[in-house]
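**Student:** With the sequence up front, the predicted model follows.
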Amino acid sequence: MPKKVDHDERRRHIAEAVVRIAGRDGLDAATLRDVAAEAGMSLGAVQYYMRTKDEMLQYVVAYLGEQVTARIMDGVDFEALDVRDFLMTMATEMLPLDERRKAERRTGQAFGARAGAVPELAGALREGQAWLHERVAELIDQARHAGEAREDVDPGHEAVVLLALIEGLTAEIMLGLRDPDGALAAVRYHVHRILPK
């Protein structure tokens, strides 16, 4: 009897190979041939799932977003949601605090640089960022209505500032200008400014 193939697992396996290559050698090194070698698959097998590099990259952008989101959600108690704790969990998962998250961020930065030439990739990145901004703004607004945030806080602007802070701290960590503890302390300071109660 032929072995049953889990196609979703194969796609995830290919995506992990892209993340390893892009995190180690940069996105340009993630050719279909090199990804196939990294994944221990034939080139034809990789192309069965992802016909072109751009198609592969679109999948990896979505995959990385799902991975980070799953880790954030895994650390949240929805029965007693604390917005401050949620925002800190989100920052912890988005910042490059360990080798896995550094590889994810290097890959994400490379996608951002390539997005100007690949409209489909730019569209996927825009959608992901817009979704994230909306969710963060909703949480801050929820905290404002619950009396946990300052009354004069603008949830939309605060979401932009918080996410921009995380992006800036990411660059500083990657450049060795700030250590992970210092980055988390900066986020904690900002979150406490928004949600002092």
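**Tutor:** Okay, I see it.

**Student:** any idea what Glu148 is structurally, helix, strand or coil?
**Tutor:** At Glu148 the chain is in coil, as set by DSSP: H, G, I helix; E, B strand; the rest coil.

**Student:** residues near it, how many?
**Tutor:** Residues lying near Glu148 (other C-beta atoms under 10 Å) number 16. (C-beta placed from N, C-alpha, C; glycine too.)

**Student:** Now do the contacts for it.
**Tutor:** Glu148 makes contact with Val83, Arg84, Leu195, Lys197, according to C-beta atoms under 8 Å, 6 or more residues apart in numbering.

**Student:** any chance of those in TSV, plus secondary structure?
**Tutor:** Formatted as TSV, these follow (three-state DSSP):
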residue	secondary structure
Val83	helix
Arg84	helix
Leu195	coil
Lys197	coil
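
**Student:** Show the buried residues in the residues you listed.
**Tutor:** Neighbour-count burial (16 or more other C-beta atoms under 10 Å) applied to the contacts of Glu148 gives Val83, Arg84, Leu195.

**Student:** export those to JSON lines and tack on pLDDT?
**Tutor:** Listed next are those as JSON lines, based on pLDDT from 0 to 100:
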{"residue": "Val83", "pLDDT": "89"}
{"residue": "Arg84", "pLDDT": "91"}
{"residue": "Leu195", "pLDDT": "92"}
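
**Student:** For Arg24, pull up the helix or strand it's in.
**Tutor:** Using DSSP states H and E, Arg24 maps to helix 7-25.

**Student:** go on, Asp54?
**Tutor:** Asp54 belongs to helix 53-74, assigned by DSSP H and E.

**Student:** Taking helix 7-25 as reference, get the angle to that helix.
**Tutor:** 100 degrees (axes from the mean of the first three to the mean of the last three C-alpha atoms, to 10 degrees).

**Student:** Can you spell out which helices and strands pack onto helix 53-74?
**Tutor:** helix 7-25, helix 32-39, helix 83-94, helix 99-114, helix 119-145 (3 or more C-beta pairs under 8 Å, 6 or more residues apart in numbering; DSSP states H and E).

**Student:** No further queries at this time; thank you.
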